[in-house]
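**Q** heads up, no residue letters with this:
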């Protein structure tokens with residue numbers, strides 16, 4: 001996620017913090033200092049916020065470790081002002097797996113809550129003695145009791161069926177076994193966006209900016225993941241070979257082509273990204289639209305391709321899964337076209353435009369598989 005930096009790694013998963021999280025710490029620290037006039041109390045409140053986000057981190061590790069046990073890789077965990085986000089490399093295929101992953105996070109909080117309440121009780125506090133950030137910093141007992149309350153709230157709030165929150169994912173997993181993943185996602189997304197609107201209105205009326213931000217996150221997150229699931233189902237069973245542009249349809253350039261020649265191909269052709277091959281036909285580079293546009297507005301417009309081409313770029317096999325590998329690689333690389341390589345040789349290109357043909361291809365296949373009318 002942009003704007004995040006790594007702070008550590010555990011269980012093979014990078015832990016990152018978004019820079020806005022630092023603003024949250026400064027905000028509450030200043031708020032506590034203004035309310036009490038004590039630097040020590042302000043530091044205690046900052047410690048409480050850090051403790052809260054340790055609980056959030058453990059919640060996300062609950063999701064992540066469960067996903068790993070089910071064979072799903074985790075990109076990283078990012079801490080944000082509104083909570084945490086564990087990024088999985090792929091969506092769970094089985095509804096039961098999604099339910100297990102979703103429920104694992106709140107279960108961590110369910111386990112942590114009595115532990116913190118117990119520590120707080122031993123230190124002379126009760127679960128109801130700390131009612132806010134500032135008062136929770138009055139003593140060590142209230143500090144731990146407040147973290148206990150926080151974990152109860154994390155468990156309860158995350159189990160609200162507002163997709164893409166944990167409760168919404170549980171709802172989708174339960175529905176998917178009955179109505180299929182796309183319909184289940186559409187229903188869960190609609191429910192989630194309904195909750196988002198309620199949160200947004202309640203947050204505005206109550207002056208709760210955090211709840212407003214959470215509402216925005218839920219609303220757009222629900223819509224975005226619903227579209228992702230539709231694309232996965234649309235591309236299910238398709239490989240890169242099914243949609244890619246073949247070598248015969250792909251124009252290549254050599255390292256010794258001039259920029260002027262490439263620009264002429266762009267103007268009079270349909271390609272804006274070109275594989276670069278040497279005299280033996282080996283793929284040695286990529287010239288993307290970004291390099292072409294940059295060169296057009298600089299002295300590089302007189303250069304040869306070898307001087308402006310990319311030498312580091314991803315490639316993909318024609319037998320790779322179109323959604324799990326093809327679309328993912330295009331998104332992660334930020335490129336509009338990726339060379340398709342088989343046995344070390346360039347066999348074509350996979351482009352963003354090719355991905356849009358998946359819907360048409362599936363419709364054609366369905367028509368081909370449909371039995372012919374009787375009597376013909």
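**A** Yes, it's here. The structure displayed is predicted, hence computed values, not measured ones.

**Q** how far away is the residue most central in space within the chain from residue 337?
**A** Centroid-nearest residue in the chain, with CA atoms, centre = their mean: residue 87, separated by 4.9 Å. Distance of residue 87 to residue 337, given as CB to CB, to the nearest Å: 25 Å. C-beta here means a position set from N, CA and C on the backbone, and glycine is covered the same way.

**Q** Mind listing the residues bridging to the residue nearest to the centre of the chain?
**A** Beta bridges link residue 87 to residue 76, judged by DSSP bridges.

**Q** List the residues that contact it.
**A** 1, 74-78 (CB atoms under 8 Å, 6 or more residues apart in numbering).

**Q** Point out the least confident one among those.
**A** Among the contacts of residue 87, residue 1 has the lowest pLDDT, at 60.

**Q** Confirm that residue 97 sits in a strand.
**A** No: under DSSP: H, G, I helix; E, B strand; the rest coil, residue 97 falls outside any strand and is assigned helix.

**Q** How many residues are close by the nearest residue to it once chain neighbours are set aside?
**A** Excluding the flanking residues, the one nearest residue 97 by CB to CB, 6 or more residues apart in numbering is residue 70, at 5.0 Å. Using other CB atoms under 10 Å, residue 70 has 15 other residues around it.

**Q** Same check on residue 310?
**A** The tally of other residues near residue 310 (other CB under 10 Å) stands at 13.

**Q** Also the one 3 residues further on?
**A** A count of neighbours around residue 313, defined by other CB under 10 Å, yields 18.

**Q** which regions of the stretch 201-350 of the chain lie under the pLDDT threshold?
**A** Where the stretch 201-350 of the chain drops to pLDDT under 70, the residues are 246-248, 298-302.

**Q** go again using 90 as the cut-off
**A** 206-274, 278-282, 285, 287-313, 321-337, 342-349 (pLDDT under 90).

**Q** cool, the stretch 1-150 of the chain as well?
**A** The model of the stretch 1-150 of the chain has pLDDT under 90 over residues 1-5, 18-52, 73, 75, 79-85, 87-95, 120-121, 123-147, 149-150.

**Q** switch to 80 and redo it
**A** Where the stretch 1-150 of the chain drops to pLDDT under 80, the residues are 1-3, 28, 32-33, 35-38, 40-41, 82, 90-91, 126-139.

**Q** which residues in it form strands?
**A** Secondary structure of the stretch 1-150 of the chain, counting by DSSP state E, counting those that start in this stretch: strands at 4-10, 13-18, 74-80, 83-88.

**Q** Any chance of those strands in CSV with distance to residue 277 as columns?
**A** Below are the strands of the stretch 1-150 of the chain laid out as CSV (distance: least, CB to CB, whole Å):
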stretch, distance to residue 277
strand 4-10, 37
strand 13-18, 36
strand 74-80, 33
strand 83-88, 35
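
**Q** The top helix by length along the chain: how far from the chain's middle?
**A** Longest helix in the chain, counting residues (DSSP state H): helix 39-69. Distance of helix 39-69 from its chain centroid, counting by CA atoms, centre = their mean, to the nearest Å, is 20 Å.
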